[in-house]
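Enquirer: model the following, please.
(one chain, ligands or ions: 1)
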Amino acid sequence: MLFFIDTANLGDIREAAELGILDGVTTNPSLMAKEGIKGDANVLRHYIDICELVGEAQDVSAEVISTDFKGMVEEGEKLAALHENIVVKVPMTKDGIKAISHFTRVGIRTNCTLVFSAGQAILAAKAGATYVSPFVGRLDDISWEGMNLIKEIREIYDMVGYTTLILAASIRSPLHIVQAAKAGADVVTCPLSAMLGLLNHPLTDIGLEKFLADHRKVNG
Ligand code: G3P
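Expert: Predicted structure coming up:
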């Protein structure tokens, strides 16, 4: 399973990259706004900064703001031209599916976002999306079992033979990451806190303390 970080914060991206386990980055307009990145030129510059920070072979999802087909195409082509790492993130709408089909035809990689049902995931795959992003946490928020959607999409994609990668998004905890892996997600994208949370186990801390104490007893 690939590990993406879901943030536009350069410090968090750097910290995750330094672990040596990072495969890519996802952003969205809310995450860009959280970092105070505003104005077209600054937004585009920030995407380039992220791509340069993570280096080669790391996909960086950059989301279009336009909601109409023509606008999405213009914006997506501009984003894709910024850097070879860029994957154009397009919302799951009628115009979004048209835009993804267009990008597929011209060889631009896409991430279909805001996916909340298996039907939407089928459309994204049919349009040739590189990634489909089902939002697990937001389904949990409305008392729906978000992880079931990952399992359902996995089953359908395997049965039909769709090659679109399932990117479990809106992942908020270490437990979500483990559950997404068990559900068959190809990729998980999460904040740094969830990624670092995977490190923790009290028996690891207790065990390390004991090893070091025993070493000190003999070595002073
Ligand atoms: O990957 C999508 C993500 O950014 C949304 O997460 O926590 O805002 O639902 P969240």
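
Enquirer: state the three-state secondary structure for the residue most central in space within the chain.
Expert: In the chain, the centroid-proximal residue (C-alpha atoms, centre = their mean) is T189; its distance is 3.6 Å. Following DSSP: H, G, I helix; E, B strand; the rest coil, the label given to T189 is strand.

Enquirer: distance check, it against W144.
Expert: 19 Å (C-beta to C-beta, to the nearest Å). From N, CA and C alone the C-beta is placed, and that goes for glycine too.

Enquirer: and for G96?
Expert: Taking C-beta to C-beta, one finds G96 at 22 Å from W144.

Enquirer: who has more neighbours, those two?
Expert: G96 (27 against 12; other C-beta atoms under 10 Å).

Enquirer: what packs against the helix or strand containing that one?
Expert: For G96, the host element (DSSP states H and E) is helix 94-106. Packing partners of helix 94-106 (3 or more C-beta pairs under 8 Å, 6 or more residues apart in numbering; DSSP states H and E): helix 69-82, strand 86-91, strand 110-115, helix 118-126.

Enquirer: all helices of this protein, in order?
Expert: Remark: helices assigned in the chain by DSSP state H are 10-18, 29-34, 40-54, 69-82, 94-106, 118-126, 136-141, 146-160, 174-183, 192-197, 202-219.

Enquirer: between the third one and helix 10-18, how big is the angle?
Expert: Translated: helix 40-54. Using axes from the mean of the first three to the mean of the last three C-alpha atoms, to 10 degrees, the inter-axis angle of helix 40-54 relative to helix 10-18 is 20 degrees.

Enquirer: does helix 40-54 pack against any helices or strands, and if so which?
Expert: helix 10-18, strand 24-26, strand 59-63, helix 69-82.

Enquirer: ditto for the last one
Expert: In this structure, helix 202-219 makes packing contacts with no helix or strand, judged by 3+ C-beta pairs under 8 Å, 6+ apart.

Enquirer: ok, back up a step: please name the nearest non-neighbouring residue to the residue nearest to the centre of the chain.
Expert: Nearest non-adjacent residue to T189, counting by C-beta to C-beta, 6 or more residues apart in numbering: F4, 3.9 Å away.

Enquirer: I'd say that neighbour and D186 touch.
Expert: No. Contact criterion C-beta atoms under 8 Å: F4 and D186 do not qualify, at 10.6 Å.

Enquirer: what sits in contact with each of these two?
Expert: In terms of C-beta atoms under 8 Å, 6 or more residues apart in numbering, F4 and D186 are both contacted by the residues L167.

Enquirer: which of the two has more residues huddled nearby?
Expert: Remark: of F4 and D186, F4 carries more neighbours, 27 against 18, as counted by other C-beta under 10 Å.

Enquirer: now the more buried one: how far from G119?
Expert: 24 Å.

Enquirer: where does A57 land on pLDDT?
Expert: Among the per-residue scores, A57 holds a pLDDT of 76.

Enquirer: neighbours of it, just the number please.
Expert: 9.

Enquirer: then the one 3 residues further on?
Expert: Residues within reach of V60, counting by other C-beta under 10 Å, total 26.

Enquirer: what's the answer for D214, then?
Expert: 10.

Enquirer: cool, and D40?
Expert: D40 has 10 neighbours, counted by other C-beta under 10 Å.

Enquirer: many thanks, have a good one.
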